[in-house]
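> This is a predicted model, with the sequence first.
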Amino acid sequence: MRRALIVIVVMVIGVCAGCAGGPEGPAESTTPSAAQFAWSSATLSVNTIGLDDPNARPDAELDFAAAQGFSAVRIPVRWSSVEPVEGKLDFSALDPVIRGAAARGLEVLGVVTWAPAWAVAPEYRTVTHPAPESAARFAEFARVAAFRYRSQVSAWEVWNEPNIAASFGPIPDVSKYCAILRQSYTAIKAANPSATVLTGGTSPTRDSPTGVAPANYINALYKCAPRSFDALAMHPYSTPNLLSRPSSTNPSSRDVALVREVMKLNGDTRRKVWFTEFGAPTTQFSPTGVSEEKQKQILVDGVSLLKQLSYAGPVFVFNLRDIETGSRIPDYNYGLARTDFTLKPSLKAVIGLYN
(Lines give C-alpha, C1' and ligand atoms only; values in the text may rest on other atoms or scores of the structure.)
Protein backbone atom coordinates (compact mmCIF):
# COMPACT_ATOMS: atom_id res chain seq x y z
CA MET A 1 0.00 0.00 0.00
CA ARG A 2 1.32 3.45 -0.85
CA ARG A 3 2.40 5.75 1.96
CA ALA A 4 -0.21 7.67 3.92
CA LEU A 5 -1.49 10.77 2.13
CA ILE A 6 -1.33 13.38 4.86
CA VAL A 7 -2.05 17.08 4.28
CA ILE A 8 -0.49 19.81 6.39
CA VAL A 9 -1.63 23.37 6.89
CA VAL A 10 1.37 25.67 6.91
CA MET A 11 0.58 29.07 8.43
CA VAL A 12 2.59 31.67 6.51
CA ILE A 13 3.02 35.35 7.17
CA GLY A 14 5.58 38.05 6.58
CA VAL A 15 6.69 40.41 3.83
CA CYS A 16 9.70 42.28 2.53
CA ALA A 17 10.22 44.95 -0.07
CA GLY A 18 9.67 43.99 -3.68
CA CYS A 19 8.02 41.03 -5.30
CA ALA A 20 10.56 38.96 -7.21
CA GLY A 21 9.30 37.88 -10.58
CA GLY A 22 6.34 40.28 -10.51
CA PRO A 23 2.95 39.71 -8.83
CA GLU A 24 1.89 37.09 -11.36
CA GLY A 25 5.27 35.49 -11.96
CA PRO A 26 5.05 31.74 -11.28
CA ALA A 27 7.25 30.29 -8.57
CA GLU A 28 9.59 27.95 -10.43
CA SER A 29 8.94 24.24 -10.05
CA THR A 30 10.21 21.03 -11.58
CA THR A 31 7.29 19.02 -10.18
CA PRO A 32 4.47 17.64 -12.38
CA SER A 33 1.38 19.74 -12.99
CA ALA A 34 -0.69 20.25 -9.86
CA ALA A 35 -3.74 19.01 -11.75
CA GLN A 36 -2.32 15.48 -11.68
CA PHE A 37 -2.81 15.04 -7.91
CA ALA A 38 -5.87 12.98 -6.94
CA TRP A 39 -7.30 14.35 -3.68
CA SER A 40 -9.48 11.84 -1.83
CA SER A 41 -10.43 10.50 1.60
CA ALA A 42 -7.09 8.67 1.45
CA THR A 43 -5.42 12.08 1.88
CA LEU A 44 -4.95 12.77 5.60
CA SER A 45 -4.26 16.39 6.54
CA VAL A 46 -2.62 18.33 9.38
CA ASN A 47 -1.81 22.01 10.13
CA THR A 48 1.55 23.48 11.17
CA ILE A 49 2.63 26.72 12.79
CA GLY A 50 3.31 29.88 10.80
CA LEU A 51 5.99 32.49 10.42
CA ASP A 52 4.08 34.94 12.63
CA ASP A 53 4.15 32.53 15.59
CA PRO A 54 6.98 31.90 18.08
CA ASN A 55 9.22 28.94 17.25
CA ALA A 56 8.25 28.89 13.55
CA ARG A 57 10.72 26.90 11.45
CA PRO A 58 9.05 26.27 8.09
CA ASP A 59 11.94 24.42 6.43
CA ALA A 60 12.37 22.11 9.40
CA GLU A 61 8.62 21.51 9.57
CA LEU A 62 8.42 20.63 5.88
CA ASP A 63 11.37 18.26 6.31
CA PHE A 64 9.65 16.72 9.33
CA ALA A 65 6.36 16.35 7.49
CA ALA A 66 7.96 14.62 4.53
CA ALA A 67 10.02 12.35 6.79
CA GLN A 68 6.91 11.26 8.67
CA GLY A 69 5.25 10.21 5.40
CA PHE A 70 2.86 13.12 4.86
CA SER A 71 1.96 13.82 1.24
CA ALA A 72 0.34 17.24 1.17
CA VAL A 73 0.27 20.63 2.90
CA ARG A 74 -2.44 23.21 3.45
CA ILE A 75 -0.95 26.69 3.24
CA PRO A 76 -2.85 29.90 4.03
CA VAL A 77 -2.19 32.56 1.38
CA ARG A 78 -3.03 35.70 3.31
CA TRP A 79 -3.91 38.76 1.31
CA SER A 80 -3.15 40.84 4.41
CA SER A 81 0.45 39.58 4.37
CA VAL A 82 1.08 39.71 0.64
CA GLU A 83 -0.38 43.18 0.01
CA PRO A 84 -0.30 45.15 3.28
CA VAL A 85 0.14 48.31 1.20
CA GLU A 86 -2.30 48.74 -1.67
CA GLY A 87 -0.73 47.99 -5.03
CA LYS A 88 2.48 46.48 -3.60
CA LEU A 89 2.22 42.70 -3.72
CA ASP A 90 5.07 40.80 -2.12
CA PHE A 91 5.13 36.99 -2.32
CA SER A 92 8.78 36.71 -1.28
CA ALA A 93 8.00 35.16 2.13
CA LEU A 94 5.43 32.76 0.68
CA ASP A 95 7.31 31.60 -2.41
CA PRO A 96 9.97 29.56 -0.61
CA VAL A 97 7.37 27.77 1.51
CA ILE A 98 5.27 26.68 -1.45
CA ARG A 99 8.38 25.96 -3.51
CA GLY A 100 9.80 24.03 -0.56
CA ALA A 101 6.67 21.92 -0.27
CA ALA A 102 6.85 21.05 -3.96
CA ALA A 103 10.56 20.22 -3.72
CA ARG A 104 9.75 17.70 -0.98
CA GLY A 105 6.95 16.12 -3.01
CA LEU A 106 4.23 17.64 -0.83
CA GLU A 107 0.98 18.63 -2.56
CA VAL A 108 -0.61 21.97 -1.62
CA LEU A 109 -4.08 23.15 -0.70
CA GLY A 110 -3.95 26.96 -0.60
CA VAL A 111 -6.30 29.03 1.57
CA VAL A 112 -6.89 32.55 0.27
CA THR A 113 -7.95 34.54 3.29
CA TRP A 114 -7.73 37.67 5.50
CA ALA A 115 -7.98 41.19 4.16
CA PRO A 116 -5.42 44.01 4.59
CA ALA A 117 -6.61 47.08 6.51
CA TRP A 118 -6.79 49.22 3.37
CA ALA A 119 -9.30 46.77 1.81
CA VAL A 120 -11.69 46.89 4.78
CA ALA A 121 -14.41 49.43 5.55
CA PRO A 122 -12.82 52.06 7.85
CA GLU A 123 -15.22 51.39 10.71
CA TYR A 124 -14.20 47.71 10.81
CA ARG A 125 -10.42 48.04 10.65
CA THR A 126 -10.05 47.27 14.36
CA VAL A 127 -12.21 44.13 14.08
CA THR A 128 -10.44 40.76 14.20
CA HIS A 129 -10.29 39.32 10.66
CA PRO A 130 -12.83 41.68 9.07
CA ALA A 131 -14.47 40.88 5.76
CA PRO A 132 -13.09 42.74 2.72
CA GLU A 133 -15.16 45.67 1.49
CA SER A 134 -14.95 44.58 -2.16
CA ALA A 135 -15.52 41.00 -3.30
CA ALA A 136 -14.00 41.91 -6.65
CA ARG A 137 -10.73 43.09 -5.09
CA PHE A 138 -10.45 39.92 -3.03
CA ALA A 139 -11.17 37.80 -6.12
CA GLU A 140 -8.47 39.61 -8.05
CA PHE A 141 -5.97 38.67 -5.36
CA ALA A 142 -7.19 35.06 -5.54
CA ARG A 143 -6.66 35.13 -9.31
CA VAL A 144 -3.12 36.45 -9.00
CA ALA A 145 -2.24 33.82 -6.38
CA ALA A 146 -3.83 30.98 -8.34
CA PHE A 147 -1.94 31.99 -11.48
CA ARG A 148 1.36 32.42 -9.67
CA TYR A 149 1.16 28.98 -8.07
CA ARG A 150 -0.69 27.17 -10.86
CA SER A 151 2.05 24.50 -11.07
CA GLN A 152 2.15 23.85 -7.32
CA VAL A 153 -1.28 24.47 -5.83
CA SER A 154 -3.99 22.13 -7.09
CA ALA A 155 -6.79 23.14 -4.70
CA TRP A 156 -7.94 26.42 -3.16
CA GLU A 157 -10.09 27.09 -0.11
CA VAL A 158 -11.87 30.46 -0.15
CA TRP A 159 -11.52 32.05 3.31
CA ASN A 160 -11.37 30.35 6.71
CA GLU A 161 -14.41 29.85 8.95
CA PRO A 162 -16.60 32.54 7.35
CA ASN A 163 -19.61 31.43 9.43
CA ILE A 164 -18.32 33.08 12.63
CA ALA A 165 -17.72 36.75 13.45
CA ALA A 166 -14.23 36.02 14.81
CA SER A 167 -13.12 35.06 11.29
CA PHE A 168 -15.44 37.18 9.12
CA GLY A 169 -16.11 40.31 11.13
CA PRO A 170 -18.05 42.13 12.25
CA ILE A 171 -20.80 39.53 11.59
CA PRO A 172 -20.95 36.32 9.54
CA ASP A 173 -22.67 37.92 6.53
CA VAL A 174 -23.66 35.08 4.20
CA SER A 175 -24.59 37.34 1.28
CA LYS A 176 -21.22 39.12 1.46
CA TYR A 177 -19.36 35.81 1.58
CA CYS A 178 -21.42 34.49 -1.34
CA ALA A 179 -20.22 37.39 -3.48
CA ILE A 180 -16.63 36.62 -2.48
CA LEU A 181 -17.08 32.91 -3.24
CA ARG A 182 -18.75 33.48 -6.62
CA GLN A 183 -16.17 35.95 -7.86
CA SER A 184 -13.19 34.05 -6.40
CA TYR A 185 -14.34 30.81 -8.02
CA THR A 186 -14.49 32.48 -11.42
CA ALA A 187 -11.12 34.15 -10.87
CA ILE A 188 -9.32 30.99 -9.72
CA LYS A 189 -10.73 28.93 -12.58
CA ALA A 190 -9.61 31.60 -15.04
CA ALA A 191 -6.07 31.32 -13.66
CA ASN A 192 -6.04 27.53 -13.33
CA PRO A 193 -9.05 25.74 -14.86
CA SER A 194 -8.08 22.40 -13.33
CA ALA A 195 -7.90 23.69 -9.75
CA THR A 196 -10.38 22.40 -7.17
CA VAL A 197 -12.17 25.25 -5.34
CA LEU A 198 -13.58 24.74 -1.81
CA THR A 199 -15.90 26.80 0.32
CA GLY A 200 -14.32 28.20 3.48
CA GLY A 201 -14.27 25.57 6.22
CA THR A 202 -17.12 26.13 8.66
CA SER A 203 -16.53 26.46 12.40
CA PRO A 204 -18.65 24.24 14.70
CA THR A 205 -21.05 26.85 16.09
CA ARG A 206 -24.74 27.43 16.75
CA ASP A 207 -27.01 30.09 15.27
CA SER A 208 -26.43 33.35 17.17
CA PRO A 209 -25.60 37.00 16.46
CA THR A 210 -21.95 35.94 16.05
CA GLY A 211 -22.32 32.64 14.24
CA VAL A 212 -24.34 30.57 11.77
CA ALA A 213 -24.61 26.80 12.24
CA PRO A 214 -22.72 24.89 9.52
CA ALA A 215 -25.77 23.25 7.90
CA ASN A 216 -27.69 26.54 7.75
CA TYR A 217 -24.66 28.37 6.39
CA ILE A 218 -24.00 25.80 3.69
CA ASN A 219 -27.69 25.68 2.77
CA ALA A 220 -27.47 29.43 2.15
CA LEU A 221 -24.47 28.87 -0.13
CA TYR A 222 -26.52 26.47 -2.24
CA LYS A 223 -29.08 29.27 -2.69
CA CYS A 224 -26.68 32.09 -3.57
CA ALA A 225 -23.63 30.36 -5.09
CA PRO A 226 -24.67 26.84 -6.18
CA ARG A 227 -22.18 26.63 -9.05
CA SER A 228 -19.26 28.37 -7.33
CA PHE A 229 -17.55 25.51 -5.50
CA ASP A 230 -16.25 22.06 -6.35
CA ALA A 231 -16.36 20.75 -2.78
CA LEU A 232 -17.52 21.84 0.66
CA ALA A 233 -15.24 22.33 3.69
CA MET A 234 -15.95 21.84 7.40
CA HIS A 235 -14.03 21.95 10.70
CA PRO A 236 -15.84 19.33 12.85
CA TYR A 237 -14.01 19.85 16.16
CA SER A 238 -15.37 17.74 19.04
CA THR A 239 -12.75 18.21 21.78
CA PRO A 240 -12.75 17.28 24.64
CA ASN A 241 -15.15 14.56 23.48
CA LEU A 242 -15.02 11.88 20.82
CA LEU A 243 -16.57 12.84 17.49
CA SER A 244 -18.44 9.53 17.41
CA ARG A 245 -20.34 10.41 20.60
CA PRO A 246 -22.45 13.51 19.88
CA SER A 247 -24.13 15.41 22.68
CA SER A 248 -25.69 18.81 23.27
CA THR A 249 -22.20 20.19 23.93
CA ASN A 250 -20.54 18.14 21.18
CA PRO A 251 -22.73 18.47 18.06
CA SER A 252 -20.05 18.18 15.37
CA SER A 253 -20.93 14.70 14.14
CA ARG A 254 -24.57 15.80 13.92
CA ASP A 255 -23.40 18.86 12.00
CA VAL A 256 -21.68 16.60 9.48
CA ALA A 257 -24.84 14.54 9.04
CA LEU A 258 -26.98 17.68 8.74
CA VAL A 259 -24.68 19.10 6.06
CA ARG A 260 -25.06 15.86 4.12
CA GLU A 261 -28.84 16.22 4.36
CA VAL A 262 -28.55 19.77 3.03
CA MET A 263 -26.56 18.45 0.09
CA LYS A 264 -29.22 15.83 -0.66
CA LEU A 265 -32.04 18.36 -0.35
CA ASN A 266 -30.24 20.47 -2.94
CA GLY A 267 -29.86 17.51 -5.27
CA ASP A 268 -26.11 17.28 -4.71
CA THR A 269 -24.76 13.75 -4.31
CA ARG A 270 -21.65 14.38 -6.40
CA ARG A 271 -19.58 16.84 -4.41
CA LYS A 272 -17.36 15.82 -1.50
CA VAL A 273 -16.93 17.34 1.96
CA TRP A 274 -13.32 18.14 2.86
CA PHE A 275 -12.63 18.28 6.60
CA THR A 276 -9.90 20.90 6.52
CA GLU A 277 -9.32 21.13 10.29
CA PHE A 278 -9.82 18.56 13.07
CA GLY A 279 -7.88 18.16 16.30
CA ALA A 280 -7.61 18.58 20.08
CA PRO A 281 -5.24 20.68 22.27
CA THR A 282 -3.07 19.00 24.87
CA THR A 283 -3.42 21.54 27.66
CA GLN A 284 -4.87 21.83 31.16
CA PHE A 285 -5.67 25.53 30.73
CA SER A 286 -8.89 25.14 28.73
CA PRO A 287 -12.14 23.18 29.04
CA THR A 288 -11.42 21.83 25.56
CA GLY A 289 -7.94 20.69 26.57
CA VAL A 290 -7.04 17.02 26.95
CA SER A 291 -4.12 14.77 27.84
CA GLU A 292 -1.82 13.51 25.09
CA GLU A 293 -3.40 10.06 25.38
CA LYS A 294 -6.91 11.51 25.07
CA GLN A 295 -5.77 13.54 22.06
CA LYS A 296 -4.74 10.29 20.40
CA GLN A 297 -8.15 8.77 21.16
CA ILE A 298 -10.01 11.80 19.77
CA LEU A 299 -7.97 11.83 16.58
CA VAL A 300 -8.16 8.09 15.93
CA ASP A 301 -11.90 8.12 16.58
CA GLY A 302 -12.64 11.23 14.52
CA VAL A 303 -10.37 10.57 11.56
CA SER A 304 -11.60 6.98 11.34
CA LEU A 305 -15.22 8.15 11.32
CA LEU A 306 -14.71 10.94 8.80
CA LYS A 307 -12.55 9.11 6.28
CA GLN A 308 -15.06 6.26 6.03
CA LEU A 309 -17.93 8.52 4.95
CA SER A 310 -18.90 7.87 1.33
CA TYR A 311 -18.81 11.60 0.61
CA ALA A 312 -15.55 12.38 2.45
CA GLY A 313 -12.71 14.26 0.88
CA PRO A 314 -9.36 14.71 2.68
CA VAL A 315 -9.23 14.98 6.48
CA PHE A 316 -6.88 17.71 7.74
CA VAL A 317 -5.62 17.18 11.29
CA PHE A 318 -4.88 20.36 13.23
CA ASN A 319 -1.88 20.47 13.57
CA LEU A 320 1.60 19.05 12.94
CA ARG A 321 3.61 20.71 15.75
CA ASP A 322 2.82 22.76 18.83
CA ILE A 323 3.39 26.47 18.46
CA GLU A 324 4.55 26.56 22.09
CA THR A 325 4.21 23.41 24.17
CA GLY A 326 2.88 24.20 27.65
CA SER A 327 1.52 27.62 26.70
CA ARG A 328 -1.68 28.76 28.42
CA ILE A 329 -3.06 29.49 24.94
CA PRO A 330 -4.96 26.34 23.82
CA ASP A 331 -4.31 26.94 20.11
CA TYR A 332 -0.57 26.66 20.77
CA ASN A 333 -0.88 23.02 21.89
CA TYR A 334 -2.74 21.23 19.08
CA GLY A 335 0.34 19.57 17.59
CA LEU A 336 0.91 15.92 16.82
CA ALA A 337 4.46 16.73 17.92
CA ARG A 338 5.78 19.04 20.61
CA THR A 339 7.60 22.28 19.79
CA ASP A 340 10.95 20.48 19.91
CA PHE A 341 9.70 17.95 17.30
CA THR A 342 9.41 15.08 19.79
CA LEU A 343 6.38 12.97 18.98
CA LYS A 344 3.12 12.82 20.86
CA PRO A 345 1.32 9.43 20.81
CA SER A 346 -1.22 10.81 18.32
CA LEU A 347 1.20 11.21 15.41
CA LYS A 348 2.02 7.56 14.84
CA ALA A 349 -1.56 6.58 15.66
CA VAL A 350 -2.93 8.87 12.94
CA ILE A 351 -0.41 7.69 10.37
CA GLY A 352 -1.26 4.13 11.34
CA LEU A 353 -4.83 4.65 10.14
CA TYR A 354 -3.49 4.91 6.59
CA ASN A 355 -1.06 1.97 6.62
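Arrived safely. Numbering: from 1, shown residues only.

> quick one: secondary structure of the most centrally placed residue in the chain?
Closest residue to the average C-alpha location of the chain: residue 276 at 5.0 Å, with C-alpha atoms, centre = their mean. Here residue 276 is recorded as strand under DSSP: H, G, I helix; E, B strand; the rest coil.

> mind listing what's buried in stretch 251-265?
Neighbour counts over stretch 251-265 (16 or more other C-beta atoms under 10 Å) mark 251, 252, 253, 254, 255, 256, 258, 259, 260, 262, 263 as buried. For every residue, glycine as well, the C-beta is placed using N, CA and C.

> taking these one by one, which sit in strands?
Nothing among the buried residues of stretch 251-265 maps onto strands, per DSSP state E.

> Of those residues, which is the nearest to residue 219?
Ranked by distance to residue 219 (C-beta to C-beta), the buried residues of stretch 251-265 are led by residue 262 at 4.7 Å.

> dump the residue contacts of the residue nearest to the closest one when sequence neighbours are not counted.
Nearest residue to residue 262, sequence neighbours excluded (C-beta to C-beta, 6 or more residues apart in numbering): residue 219, at 4.7 Å. Going by C-beta atoms under 8 Å, 6 or more residues apart in numbering, residue 219 touches 262, 265, 266.

> and with 10 Å instead?
174, 212, 213, 258, 259, 261, 262, 263, 265, 266 (C-beta atoms under 10 Å, 6 or more residues apart in numbering).

> what would the buried residues of stretch 251-265 look like in a markdown table with pLDDT and distance to residue 103?
Converted to a markdown table, those look like this (pLDDT from 0 to 100; distance: C-beta to C-beta, whole Å):
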| residue | pLDDT | distance to residue 103 |
| --- | --- | --- |
| 251 | 78 | 41 |
| 252 | 87 | 36 |
| 253 | 87 | 38 |
| 254 | 92 | 42 |
| 255 | 94 | 37 |
| 256 | 96 | 35 |
| 258 | 96 | 41 |
| 259 | 97 | 36 |
| 260 | 97 | 38 |
| 262 | 98 | 40 |
| 263 | 98 | 37 |
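
> residue ranges with poor pLDDT in the stretch 151-300 of the chain?
Of all residues in the stretch 151-300 of the chain, none has pLDDT under 70.

> can we see that at 80?
Residue ranges of the stretch 151-300 of the chain with pLDDT under 80: 246-251.

> mind listing the helices for it?
Along the stretch 151-300 of the chain, counting by DSSP state H, counting those that start in this stretch, helices occupy 174-191, 214-224, 252-265, 292-307.

> and residue 353, how many neighbours does it have?
Neighbourhood size, residue 353 [other C-beta atoms under 10 Å]: 15.

> check contacts around the closest residue to it other than its chain neighbours.
Distances taken as C-beta to C-beta, 6+ apart place residue 303 nearest to residue 353, at 5.7 Å, with adjacent residues excluded. Residue 303 sits next to 44-45, 243, 275, 278-279, 315-317, 346, 349-350, 353-354 when contact means C-beta under 10 Å, 6+ apart.

> Tell me where the stretch 51-200 of the chain has strands.
Assigned by DSSP state E, counting those that start in this stretch, the strands in the stretch 51-200 of the chain fall at 72-78, 107-113, 153-160, 196-201.

> what's the distance between the nearest residue to residue 289 once chain neighbours are set aside and residue 294?
Computed as C-beta to C-beta, 6+ apart, the closest residue to residue 289 that is not its neighbour in sequence is residue 283, at 3.8 Å. Look at residue 283 and residue 294: by C-beta to C-beta, to the nearest Å, they are 11 Å apart.

> and what of residue 327?
To residue 294, residue 327 is 18 Å away according to C-beta to C-beta.

> measure the residue nearest to residue 328 when sequence neighbours are not counted to residue 327 for me?
Distance criterion C-beta to C-beta, 6+ apart; nearest residue to residue 328, sequence neighbours excluded, is residue 285 at 4.5 Å. For residue 285, the distance to residue 327 (C-beta to C-beta) stands at 8 Å.

> For those two, work out which one has more neighbours and name it.
residue 327 (16 against 13).

> close enough to count as contact, that one and residue 289?
No: the pair residue 327 and residue 289 fails to qualify as a contact (C-beta atoms under 10 Å) at a distance of 11.1 Å.

> Just the buried residues of the contacts of residue 303.
Neighbour-count burial (16+ other C-beta under 10 Å) is assigned, among those, to 44-45, 243, 275, 278-279, 315-317, 346, 349-350, 354.

> Redo the buried residues of stretch 251-265 as TSV? Include distance to residue 116.
TSV is the format used below for these (distance: C-beta to C-beta, whole Å):
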residue	distance to residue 116
251	35
252	32
253	37
254	37
255	32
256	34
258	35
259	31
260	36
262	33
263	34
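
> so what's in contact with residue 285 and residue 327 at the same time?
residue 333.

> my read: the residue nearest to residue 328 touches residue 331, true?
No: taking contacts as C-beta under 10 Å, residue 285 lies outside contact range of residue 331: 11.2 Å.

> Look up how far residue 164 lies from the residue nearest to residue 328.
Applying C-beta to C-beta to residue 285 and residue 164 gives a distance of 22 Å.

> just residue 319 next, same as before
In this view, residue 319 and residue 164 are 19 Å apart by C-beta to C-beta.

> Just want to know which of these two has more residues nearby.
Legend: neighbour count by other C-beta under 10 Å for residue 319 and residue 164, higher for residue 319 (28 against 21).
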